[in-house]
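Asks: this one's structure only:
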């Protein structure tokens, strides 16, 4: 079972650089991703997220391991931003690699759903 790639940063998420962290695997037939961005509205000029340096990383690791095991993934990336972000900036980027599309899509949905509730 591969380990999830966890990237927790206060810097802007550069999606192409993050995607390049994923392993090349000839058995991968599907790559599914989700990118969450700061939503603009009249009352919001910026969003600031804080994080616990140990607990946040361990929670993301646990979520990633669960997704890999549950969906039989060949790889999983969870990148999450903290700090001050302007509307339109990425907050979270999740990429799942699997042999088949259903597993990759389901793993991506599962990962963001769990991340948002925990």
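Replies: On my side now, so go ahead. Quick caveat: nothing in here was measured; it's all calculated off a predicted structure.
Asks: find the nearest non-adjacent residue to residue 27, please.
Replies: residue 99 (5.7 Å; C-beta to C-beta, 6 or more residues apart in numbering). Yep, even glycine has a C-beta here, placed from its N, CA and C like the rest.
Asks: residue contacts, that neighbour?
Replies: With contact taken as C-beta atoms under 8 Å, 6 or more residues apart in numbering, residue 99 is in contact with 27-30, 72, 74.
Asks: hey, where'd the strands end up in this protein?
Replies: Assignment of strands within the chain using DSSP state E yields the ranges 5-9, 30-37, 47-49, 75-81, 83-85, 90-98.
Asks: tally of neighbours for the residue nearest to residue 5 when sequence neighbours are not counted?
Replies: Sequence neighbours aside, residue 77 is the residue nearest to residue 5 in space, at 4.5 Å (criterion: C-beta to C-beta, 6+ apart). When neighbours are counted by other C-beta atoms under 10 Å, residue 77 registers 21.
Asks: before we move on, the earlier item: so among the contacts of residue 99, where is pLDDT lowest?
Replies: Among these, residue 27 has the lowest pLDDT, at 86.
Asks: from residue 72, how far out is that residue?
Replies: From residue 27 across to residue 72, the span is 11 Å (C-beta to C-beta, to the nearest Å).
Asks: more neighbours: which of these two?
Replies: Under the criterion of other C-beta under 10 Å, the comparison of residue 27 against residue 72 puts residue 72 first, with 12 against 8.
Asks: give me every residue that touches the closest residue to that one other than its chain neighbours.
Replies: Leaving aside its sequence neighbours, residue 72 sits nearest to residue 103 (C-beta to C-beta, 6+ apart; 5.9 Å). Shown in contact with residue 103 (C-beta under 8 Å, 6+ apart): 30, 71-73, 96.
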